[in-house]
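Q: Provide a 3D model corresponding to the input given below.
(2 chains)
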There are 2 protein chains.
Amino acid sequence: MKKIMNQAADFVQETLQGIVAAYPDKLRLSEKDGRVLLSNYPRKPGKVGIVTGGGSGHLPVFLGYVGDGMVDGCAVGNVFASPSYQTMAETIRACDDGAGVLCLYGNYGGDKMNFNQACEDVEFDDIPTRSVRGCDDVASAPKGEEEKRRGVAGIVYAYKTAGAAAKRGMDLDEVARVAQKTVENTRTMGVATSACIVPEVGKPTFSIADDEMEIGMGIHGEPGIEVRKMMSADETAQLVMDRILADMPLACGQKVSVMINGLGATPLEELFIVYRKVAGILDQQGVSIVMPHIGEFATSMEMAGFSVTVCLLDEELEELLREPAITPFYTNLNK
Amino acid sequence: MKKIMNQAADFVQETLQGIVAAYPDKLRLSEKDGRVLLSNYPRKPGKVGIVTGGGSGHLPVFLGYVGDGMVDGCAVGNVFASPSYQTMAETIRACDDGAGVLCLYGNYGGDKMNFNQACEDVEFDDIPTRSVRGCDDVASAPKGEEEKRRGVAGIVYAYKTAGAAAKRGMDLDEVARVAQKTVENTRTMGVATSACIVPEVGKPTFSIADDEMEIGMGIHGEPGIEVRKMMSADETAQLVMDRILADMPLACGQKVSVMINGLGATPLEELFIVYRKVAGILDQQGVSIVMPHIGEFATSMEMAGFSVTVCLLDEELEELLREPAITPFYTNLNK
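A: Got it, this is the predicted structure:
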């Protein structure tokens, strides 16, 4: 197993130690719970708090979006495992500034169960909460069953718009409305050409032949919808966009943001080759692209492959997307 | 071969098309030469121009540093191949604003020969030039033969400091002096756990056993100084730092910046585990770290592994490092 690590059991803790050592003025771990990562960026009193959480192994998701204008705190689980509800409750308490807290996270069973429990827990502290779950992966459940879909890279758009809404001073219901609208306007599909290795398991999460790619797999190695012989970048991009556009048809004149997300091992050069095709497909439909995001935003450790996310923008979402945000792992200033 | 691409011969051109499609307001290709990438960021008249260039396959190096406060233009070669001297000369001409041009690039035979020819060429246009070559890879030649060393990730520090110097309005000799000082203060060493695949070759650049790592390899797969059985992250970081510190001893109270650079396929989590150890080693010596850079800054496509760069800062270099810079691929605002 070719992991750059020490003991597998220390993987997450040592990653967190490295992160807070690197950015001590930007991020800190809660003194009460070493799995709660909090923002040190200054924020206006009375802002709605936004928290997220989930398993490790997806950097920059989830904790990489803790910063200014996005998320205020993150509950950090083990690799591919939900954080405990106690950790989530502590994150919520640490991020409440009197205006309540939005829990914004990916749609996975464990995370949902634990965040629900955490929200009940903090009722005793009189902290109002709302929950919005990212469910952008079109390959994970058919149209009409969106509430069953997994959350993948598209949640970054919800962090961005909800984060800007909270920074503007919108109240909890409004911030939750913006997050929910963003989730409903976002679709993602991915392809993988190799699997990843969970440190404590020590072998690949799935196997795939040397000349094949998995279409529609999840970011934990969940099976996709089909296995195909390797296709060209253009063919692959077309396949992914066909599926996304069938699920969320776009009309001439509409605006979207597009994310081409590397899953971990795919060269940045190749992501731009994919972007070139995706931009061409949208241009042909008369759809314009605002602030494309090309790079690694939600990974699966050393998995090779990419995902494409399309986020449909109305005037409100475009404004919120464009507002500056900064974290140690993300800025939209150069997009 | 699991590359996300179309025809191998189109790899670089399609990457460039994707990049300028993504950032049309930030970057453009020269109308005279489609391999010359230029900045659209506004700049003060009379600024010293800074150009770079080199083979493709290392994003964000080299072209990713074209922007505001770093590099003004980049000559783009094929994968792992030097651009032509004509492309370099065109880049220099496009970036001259009357104050001359610094050519700042990695120390490779082809690049050196072609940049020298290009500098001779633009003498006919009365453009004064200076050349500074990055040669930070301590594994590539022994101490005392620094001029034979390869340039790797450490050149990013020279882009940053020289870019800030030029933006401040320093003249050509001063900008070259800052770049040269940065190069002389910078050391890098890398380790690889897997090779990369050049698109037109279609097979890995070198082979390495499932339980081994290559110490000190180059970013084109040049052989390293030894092959070792896989070590822990801490042992590997110690080995690399021992070599760097033997080459450039540091004293208590000195300041450095540190870059933990992923070579392409290594998870960000693992880079922070390495940073944790490197920061501990420096802390023990009483050396403090300014603006650590952890992520992918100079890759070798899908190569797995990482490099560590240490850049020794004096007061001038620290100030120049801290001045804001922004490109579509880099910002130091969140470091």
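
Q: in three-state terms, label the closest residue to chain B within the stretch 1-150 of chain A for me.
A: Across the stretch 1-150 of chain A, no residue is closer to chain B than A:Gly18, which sits at 3.2 Å (Cβ to the nearest Cβ). Using the backbone N, CA and C atoms, a C-beta is placed for each residue, glycine as well. Under DSSP: H, G, I helix; E, B strand; the rest coil, the three-state class of A:Gly18 is helix.

Q: confidence score at it?
A: You'll see A:Gly18 listed with a pLDDT of 98.

Q: list the contacts of it.
A: Residues near A:Gly18 by Cβ atoms under 8 Å, 6 or more residues apart in numbering or on different chains: B:271-276, B:279, B:294.

Q: could you do A:Gln117 as well?
A: A:Gln117 neighbours (Cβ under 8 Å, 6+ apart): A:85, A:88-89.

Q: doesn't it lie inside a helix?
A: Yes - if the criterion is three-state DSSP, then A:Gln117 is within a helix.

Q: state the distance from it to A:Val132.
A: For A:Gln117, the distance to A:Val132 (Cβ to Cβ, to the nearest Å) stands at 17 Å.

Q: highest neighbour count among the contacts of A:Gly18?
A: When neighbours are counted by other Cβ atoms under 10 Å in any protein chain shown, B:Ile273 leads those with 30 neighbours.

Q: for that one, what are its contacts?
A: A:4-6, A:11, A:14-15, A:18, B:233.

Q: any idea how far A:Arg28 lies from A:Ala21?
A: A:Arg28 is 11 Å from A:Ala21, by Cβ to Cβ.

Q: any chance of the contacts of A:Gly18 in TSV, plus secondary structure and pLDDT?
A: Formatted as TSV, the contacts of A:Gly18 follow (DSSP: H, G, I helix; E, B strand; the rest coil; pLDDT from 0 to 100):
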residue	secondary structure	pLDDT
B:Leu271	helix	98
B:Phe272	helix	98
B:Ile273	helix	98
B:Val274	helix	98
B:Tyr275	helix	98
B:Arg276	helix	98
B:Ala279	helix	98
B:Ile294	strand	98
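
Q: just the closest of the residues you listed to B:Asp125, please.
A: Nearest to B:Asp125 among the contacts of A:Gly18: B:Ile294, at 41.2 Å, using Cβ to Cβ.

Q: my read: that closest one touches B:Tyr275, true?
A: Yes - the pair B:Ile294 and B:Tyr275 qualifies as a contact (Cβ atoms under 8 Å) at a distance of 5.3 Å.

Q: okay, the residue of chain A most remote from its centre: pLDDT?
A: In chain A, the residue that sits farthest from the middle, by Cα atoms, centre = their mean, is A:Phe124; the gap is 29.5 Å. At A:Phe124, the model reports a pLDDT of 96.

Q: what of A:Asn332?
A: pLDDT, read off for A:Asn332, is 94.

Q: wait, it sits on A:Met291?
A: Yes - with contact defined as Cβ under 8 Å, A:Asn332 reaches A:Met291; the gap is 6.4 Å.

Q: look up how far B:Asn116 lies from the closest residue to chain B within the stretch 151-300 of chain A.
A: Nearest to chain B in the stretch 151-300 of chain A, going by Cβ to the nearest Cβ, is A:Phe272, at a distance of 3.2 Å. Counting by Cβ to Cβ, the gap from A:Phe272 to B:Asn116 is 31 Å.
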